[in-house]
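Chemist: predicted model and sequence below, questions to follow.
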Amino acid sequence: MTMAAIYVRQATLADLPAIMELIQDAKDHLKSQDVDQWQNGYPDEAAFHDDIEHGFNYVLISDGKIAGTATLFPSPDPYYGQIDHGAWAGDPDEKYVVIHRIAISSQFRGQHLSKLLISNLISIAVLLGYHDIRIDTHPDNKGMQHVITTNGFIYRGYIYMFEDKQPRYAYQLEL
């Protein structure tokens, strides 16, 4: 039995339908877990279209299929400017990159691919010259919190996202 090739590449507009199917799947999964994240229309196709056009979105490929997606958004991110109940580490003027809109398809759930996706995104960030990487998640999204911390990120406090003004746990990895 041969192992499936697993890798990350930049998304193209041709990937958009598969990405949106994966995102709807992730929204359904979050809802089934009683996590009130991504339940109000965000993220939508326009956000991913913009991410792809700017070269910020990546897809995780497993055995020729899109198994996951995430966006590497360069600083400054307007939602990361203020942090409550904590502080960002390091030089506040240093550039950073944020991992946003990360999701794994239910067809691949349980294979630890989210950890692999984040690891690959960290490598890409470093290759792009970033040594400060940030990410956030909903306080009820325990699965993502586990993935984030097992990738070496440190909890820093709360930020507030635009789609619902609810707090998000914010994490940082300094390399």
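Modeler: Looks like it arrived, so ask away.
Chemist: which ones are touching Tyr96?
Modeler: Listed by CB atoms under 8 Å, 6 or more residues apart in numbering, the contact set of Tyr96 reads 75, 77, 80, 130, 132-134, 172. For the C-beta atoms, the positions are set from N, CA and C on the backbone; glycine is no exception.
Chemist: swap in 10 Å and give it another go.
Modeler: 73-77, 80, 88, 90, 125, 130-134, 172-174 (CB atoms under 10 Å, 6 or more residues apart in numbering).
Chemist: taking those one by one, which sit in helices?
Modeler: Ala125 (DSSP state H).
Chemist: low-confidence ranges in this structure?
Modeler: 1-3, 162-164 (pLDDT under 70).
Chemist: go through the strand ranked longest in it and flag the buried ones.
Modeler: For the chain, the strand with the greatest residue count under DSSP state E is strand 65-74. Across strand 65-74, burial judged by 16 or more other CB atoms under 10 Å covers 66-73.
Chemist: could you dump those into CSV with distance to Arg9 added?
Modeler: Putting the buried residues of strand 65-74 into CSV (distance: CB to CB, whole Å) gives the following:
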residue, distance to Arg9
Ile66, 10
Ala67, 12
Gly68, 12
Thr69, 11
Ala70, 12
Thr71, 14
Leu72, 13
Phe73, 18
